[in-house]
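**Q** Pasting the sequence and the predicted coordinates here, then a few questions.
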Amino acid sequence: MLFDGCKMKIKKLLSKSIVFLLIFFLVTPAHCFTIGEEREAGEKLLYSIRSAFPVIEEPDLVSYLNGLGSEILAVAGLQYFDYRYYIVESDEFNAFAAPSGLIFFYTGLIKQMNSEDQLCSVLAHEIGHVVRRHLASRIEQGNIVSIASLGVALAALALGNAKATAALITGSFAAGQSAQLSFSREYEEEADLLAYGWMKKLGRSPVGQEEMLQTMRRIVRYKSSQVPQYLLTHPNPEARLDYVQGLMATETQIVEPAQSTADDFDFFRFKYRILSLLQSKAEFRTYLASLIANDNTDEIHKVYAEYGLSQLERQENNYPRSLELLEKVISRFPDRDILQVDKGVILSEAGDSERAISLLEKLYNRLRTDNYCTYSLGKAYLNAGNNSRAKQLFEQVTLNMEEFADVYYELGKIASGEKENGKMSFYLGKYNLYLGKLKIAEFNFNTAVKAGDLNPDLKKKAGQYQELIKKLMKK
């Protein structure tokens, strides 16, 4: 098949290419780090991070984070940037805000969370750093000599290895590139204060913020002989915890977190969906089984655990058991459309395209803007051999989720089947671009531009992507 042949060429090219592209920023030292420069720096860093490790960008998971972020931004006021949120597959307990409103959550951090309030507190803290432009301030103050140094240190964080990170940053110091990423106590307190105030405005409990800092303190003590990643950007968890507890002590009434209600359904679905996608599935299965077997676990959390098991069974292609478990969850939450989409996905992957399409079409008619439903319906039609309808739905997803790499892979497969070589190369270019594989994306776009069957509009776009890649790769 032509598409498979192209994949082989790509693999061959990849084997000769640099697996990890450490992209240095090109902005020269300046006394004023402008908004425009911050946007450019953030974009270059994003592609450096994408090239380093997997970024989980499932439509339902991205939508959930976007929703929480929008809640916080609604009370935070006008912003300089369009915020984007990314889930980084790494065991490290970390989150950080990069230039221009890019916020990264490590799966190791999400794994330690136990409520939506805890997640919101971290998200609000990172947004606080961006709102106050703390990173830009450190550059303007001369603490960071060049943007190139910032690129090295931030990319080092992406490696997910505390020792390697520390060594790389030490090297930057030795080279006279003072890449000090750790925020001052003043900056940390300012971000914590903003997060605290926004949580209150949203009617959320600051107890979630306190709990996350307690978790951070515990992990710091556990890793006392190492240099944990989060200490490089978020120092002094003990002092931060004291500060937040001091704020809470001045309150006449603290909103307590909800006890054993369905309020955290969306959070636990988000958390367990992510954990089911990671490599350590046996560990996750054991954890969920222990929750269900434990008499001290309340019923609602047992239901959440059954959802997690359902997703694990799906990942391991045990579709009958996955559906059986999911039906239990649906009986507890019959009004949650997203669970019906989950059901449609399982049916589709199990080969029951007729039932999957019937269910997902009904949902799609109600949830037109839901990218998870739209993409899942497209996959169901693709499995059923209706490429025309699948392409229509996938193209709709690209309008709302331009950076979602997998949808371009699916469009590339369809173009290959239709013998549209130029389109196939174009879509593969976007697929590899959003995976951070810039060399391969460059090859794809070059091939697309040279193809005789690519329409003028896509050829023009391919040329624009060629220029973007040159800019991103320029050192």
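**A** Happy to help now that I have it.
**Q** tally of neighbours for residue 247?
**A** Counted by other Cβ atoms under 10 Å, the residues lying close to residue 247 total 17. C-beta coordinates here come from the backbone N, C-alpha and C atoms, glycine included.
**Q** again, but for residue 118
**A** Going by other Cβ under 10 Å, the residues that sit close to residue 118 add up to 26.
**Q** what does residue 238 give?
**A** Every residue meeting other Cβ under 10 Å relative to residue 238 is counted, giving 13.
**Q** mind listing what residue 414 touches?
**A** Residues counted as contacts of residue 414 (Cβ atoms under 8 Å, 6 or more residues apart in numbering) are 382, 387, 390-391, 394.
**Q** could you say which helix or strand contains it?
**A** helix 405-417 (DSSP states H and E).
**Q** Quick check: what element follows that helix along the chain?
**A** Scanning forward in sequence from helix 405-417 by DSSP H and E, the next helix or strand is helix 421-433.
**Q** Show me the two of the contacts of residue 414 that sit farthest apart.
**A** In terms of Cβ to Cβ, the contacts of residue 414 reach their longest pairwise distance at 387 and 394, which sit 9.9 Å apart.
**Q** of the contacts of residue 414, closest to residue 246?
**A** residue 394 (51.5 Å).
**Q** Compute the number of surrounding residues for that closest one.
**A** Other residues within reach of residue 394, judged by other Cβ under 10 Å, total 27.
**Q** Find the nearest non-adjacent residue to residue 426, please.
**A** The spatially closest residue to residue 426, leaving aside those adjacent along the chain, is residue 448, at 4.2 Å (Cβ to Cβ, 6 or more residues apart in numbering).
**Q** quick one: that neighbour and residue 91, what's the gap?
**A** The gap separating residue 448 from residue 91 is 38 Å, by Cβ to Cβ, to the nearest Å.
**Q** do the same with residue 109
**A** The gap separating residue 109 from residue 91 is 10 Å, by Cβ to Cβ.
**Q** got a pLDDT number for residue 31?
**A** Looking at residue 31, its pLDDT is 41.
**Q** Sorry, wrong one. I was asking about residue 262.
**A** Reading off the confidence values, residue 262 has pLDDT 43.
**Q** go on, the one 10 residues further on?
**A** Residue 272 carries a pLDDT score of 98 in this model.
**Q** give the contact list for it.
**A** For residue 272, the residues meeting the contact criterion (Cβ under 8 Å, 6+ apart) are 288, 304-305, 307-308, 311.
**Q** how close does it get to residue 107?
**A** Noted for residue 272: a distance of 12 Å to residue 107, by Cβ to Cβ.
**Q** what do you get for residue 200?
**A** From residue 200 across to residue 107, the span is 29 Å (Cβ to Cβ).
**Q** Compare neighbour counts for these two and give me the winner.
**A** Neighbour totals were compared for residue 200 and residue 107, and residue 107 leads with 23 against 16 (other Cβ under 10 Å).
**Q** is it true that that one touches residue 95?
**A** No. Residue 107 lies out of contact with residue 95 (Cβ atoms under 8 Å); the separation is 10.6 Å.
**Q** got any ranges where this structure has weak pLDDT?
**A** When the per-residue scores of the chain are filtered using pLDDT under 70, the ranges that remain are 1-33, 134, 136-183, 222-235, 252-262, 475.
**Q** Okay, strands next: where are they in the chain?
**A** Remark: strands assigned in the chain by DSSP state E are 55-56, 84-88, 95-98, 102-106.
**Q** mind giving me JSON lines with the ones you listed and columns for mean neighbour count?
**A** Rendered in JSON lines, the data for the strands of the chain read as follows (neighbours: other Cβ atoms under 10 Å):
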{"stretch": "strand 55-56", "mean neighbour count": "18"}
{"stretch": "strand 84-88", "mean neighbour count": "21"}
{"stretch": "strand 95-98", "mean neighbour count": "24"}
{"stretch": "strand 102-106", "mean neighbour count": "23"}
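**Q** so can I have JSON lines of the ones you listed showing distance to residue 133?
**A** Shown next, in JSON lines, are the strands of the chain (distance: least, Cβ to Cβ, whole Å):
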{"stretch": "strand 55-56", "distance to residue 133": "24"}
{"stretch": "strand 84-88", "distance to residue 133": "17"}
{"stretch": "strand 95-98", "distance to residue 133": "10"}
{"stretch": "strand 102-106", "distance to residue 133": "13"}
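**Q** Can you say which of those strands is nearest to residue 436?
**A** Residue 436 lies closest, by Cβ to Cβ, to one member of these: strand 55-56, at 8.0 Å.
**Q** So what touches the closest one?
**A** 49, 86-89, 107, 274, 277.
**Q** one more time with 7 Å, if that's ok
**A** Contacts made with strand 55-56 from outside it, assessed by Cβ atoms under 7 Å, 6 or more residues apart in numbering, are listed as 86-89, 274, 277.
**Q** again with stretch 71-86
**A** 35, 55, 65-66, 69, 100-104, 120, 123-124, 127, 130-131, 198, 201-202.
**Q** at 8 Å instead, please
**A** Residues from elsewhere that reach stretch 71-86, judged by Cβ under 8 Å, 6+ apart: 35, 38-39, 46, 49, 55, 57, 62, 65-66, 69, 100-105, 120, 123-124, 127, 130-131, 133, 194, 198, 201-202, 403.
**Q** Sort out for me which of the contacts of residue 272 are in helices.
**A** Cross-referencing those with the helices (criterion: DSSP state H) gives 288, 304-305, 307-308, 311 as the overlap.
**Q** which one of these sits closest to residue 251?
**A** Closest to residue 251, out of all of the ones in helices among the contacts of residue 272 and judged by Cβ to Cβ, is residue 304, at 30.0 Å.
**Q** OK, contacts around the residue nearest to the closest one when sequence neighbours are not counted?
**A** What sits nearest to residue 304 in space, not counting adjacent residues and going by Cβ to Cβ, 6+ apart, is residue 268, at 4.0 Å. The contact partners of residue 268, taken as Cβ under 8 Å, 6+ apart, are 301, 304, 307-308.
**Q** Residue 448 and residue 91: which is more packed in?
**A** Taking residue 448 and residue 91 together and counting by other Cβ under 10 Å, residue 448 has the greater number of neighbours (27 against 15).
**Q** Any figure for the gap between that one and residue 107?
**A** When Cβ to Cβ is applied, the distance between residue 448 and residue 107 equals 34 Å.
**Q** quick revisit: turn the contacts of residue 414 into a markdown table, columns for distance to residue 465.
**A** Putting the contacts of residue 414 into a markdown table (distance: Cβ to Cβ, whole Å) gives the following:
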| residue | distance to residue 465 |
| --- | --- |
| 382 | 25 |
| 387 | 24 |
| 390 | 24 |
| 391 | 20 |
| 394 | 18 |
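**Q** Most neighbours among those residues, which one is it?
**A** The most crowded member of those, judged by other Cβ under 10 Å, is residue 394 (27 neighbours).
**Q** is it true that that residue touches residue 406?
**A** No. Contact between residue 394 and residue 406 fails when scored by Cβ under 8 Å: they sit 9.5 Å apart.
**Q** picking up where we left off before, buried ones in the helix holding residue 414?
**A** Neighbour-count burial for helix 405-417 flags 405-416 (criterion: 16 or more other Cβ atoms under 10 Å).
**Q** ok, of these, which one's closest to residue 474?
**A** If you rank those by distance to residue 474 using Cβ to Cβ, residue 405 comes first, at 22.7 Å.
**Q** show me what contacts the closest one?
**A** With contacts defined as Cβ under 8 Å, 6+ apart, the neighbours of residue 405 are 57, 430-435.
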